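[1] For reference, the sequence and a predicted model appear below.
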Amino acid sequence: MAELIVPLDQPGIDDALRLVDELGDGVDFYKVGLELFTRAGPEVVRLLKERGRKVFLDLKLLDIPNTVAGAVRAAAALEVDLLTVHATGGTAMLEAAAQASAGRVRLLAVTVLTSFSSDELAEVWSRPVDDVAAEVERLGALARRCGIDGLVSSAHEVAALRAALGPEAILVTPGIRLAGGAAHDQTRIATPERAVRDGADHLVVGRAITAAADRREALRQVRASMRAGAGAAE
Ligand SMILES: O=c1ccn([C@@H]2O[C@H](COP(=O)(O)O)[C@@H](O)[C@H]2O)c(=O)[nH]1
């Protein structure tokens, strides 16, 4: 069964821990991203581990190989379970990250951010992009060749990634929304059901739960949709 990751995109430690206490064991991993880590630092990771939570440190590392390797070693020392780097860092950076992890933390390469449309990607890369999925597959294959454990993509690309990369690759999909839910700043969105049906191992579900009027009810609906996807995949 796929696992659920909830991002703690909160203004501070107190808000983050309140959310953890509210959702508790209904969530498999809690994600610490740029906002919370910049505000609260490693202390928040320590507090989550103290509460027995699995931690996904989503720092999306992108720098020269030596700097990224140092950051991977620092994250491994915090005993986080998952850590992100950017696939666009290229071979030397990805290999340095994989080597630095020494199996102590599972690394995920972000392929193309779920907020990106093909037009935005074309603007940034300064060339036409007809098929975002093809770009995701290319970057995903590169990261896997470099020894990275898994990938972050939208659910739109996950079936093709699974087919191309096999069962070993850890596939993580943000950009998840309940049917009819607001997209916010995300472009390539999908329901929990679709992500699970198409082969995702972990779903990152943020505002569909955290911004809901009744968060526990939203969590229940997300879990139900994930179960429907698992049923459809059988
Ligand atoms: O491509 C990516 C990579 C990471 N994220 C992160 O996931 C969550 C999504 O939050 P929602 O509220 O469910 O949109 C957020 O923390 C991002 O930093 C992503 O969205 N896309």
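    On my side now, so go ahead. Numbering: from 1, shown residues only.
[2] If you count neighbours, what's buried in stretch 7-27?
    Pro7, Leu8, Asp9, Gln10, Ile13, Ala16, Leu17, Leu19, Val20, Leu23, Val27 (16 or more other C-beta atoms under 10 Å). Quick note: C-beta positions are derived from backbone N, CA and C, even for glycine.
[3] Now go through these and say which are in helices.
    Ile13, Ala16, Leu17, Leu19, Val20, Leu23 (DSSP state H).
[4] So which residues make contact with the lengthiest helix in the chain?
    In terms of residue count, the longest helix belonging to the chain (DSSP H) is helix 215-233. Residues from elsewhere that reach helix 215-233, judged by C-beta atoms under 8 Å, 6 or more residues apart in numbering: 1-2, 4, 19, 22-23, 26-27, 176, 178-179, 191-199, 203, 205, 208-209, 212.
[5] What residue, apart from its backbone neighbours, is nearest Arg188 spatially?
    Distances taken as C-beta to C-beta, 6 or more residues apart in numbering put Ser154 closest to Arg188, at 3.6 Å, once the chain neighbours are dropped.
[6] correct me, but the one you found touches Ala183?
    No - using C-beta atoms under 8 Å, Ser154 is not in contact with Ala183; the gap is 11.6 Å.
[7] which residues do the two both contact?
    Counting by C-beta under 8 Å, 6+ apart, the residues touching both Ser154 and Ala183 are Ile189.
[8] Comparing the two, which residue is more hemmed in?
    For Ser154 and Ala183, the more surrounded residue by other C-beta atoms under 10 Å is Ser154, and the numbers stand at 26 against 13.
[9] who touches the more buried one in this structure?
    Counting by C-beta under 8 Å, 6+ apart, Ser154 touches Val112, Thr114, Val136, Thr173, Pro174, Gly175, Arg188, Ile189, Ala190.
[10] Also near the ligand: which of these, exactly?
    For the ligand, the contacts drawn from the contacts of Ser154 by C-beta under 6 Å from any ligand atom are Thr114, Pro174, Gly175.
[11] Now, the residues you listed that are in helices?
    Using DSSP H, no member of these sits in helices.
[12] mind listing the helices for the chain?
    Remark: helices assigned in the chain by DSSP H are 13-23, 34-40, 42-50, 65-77, 90-101, 118-125, 132-145, 158-165, 192-197, 207-210, 215-233.
[13] okay, the ones you listed in TSV with mean pLDDT next?
    Listed next are the helices of the chain as TSV, based on pLDDT from 0 to 100:
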stretch	mean pLDDT
helix 13-23	97
helix 34-40	97
helix 42-50	98
helix 65-77	98
helix 90-101	98
helix 118-125	96
helix 132-145	97
helix 158-165	98
helix 192-197	98
helix 207-210	98
helix 215-233	96
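[14] Point out the most buried one among those helices.
    With neighbours taken as mean count of other C-beta atoms under 10 Å, the helices of the chain reach their highest mean count in helix 192-197, at a mean of 26.
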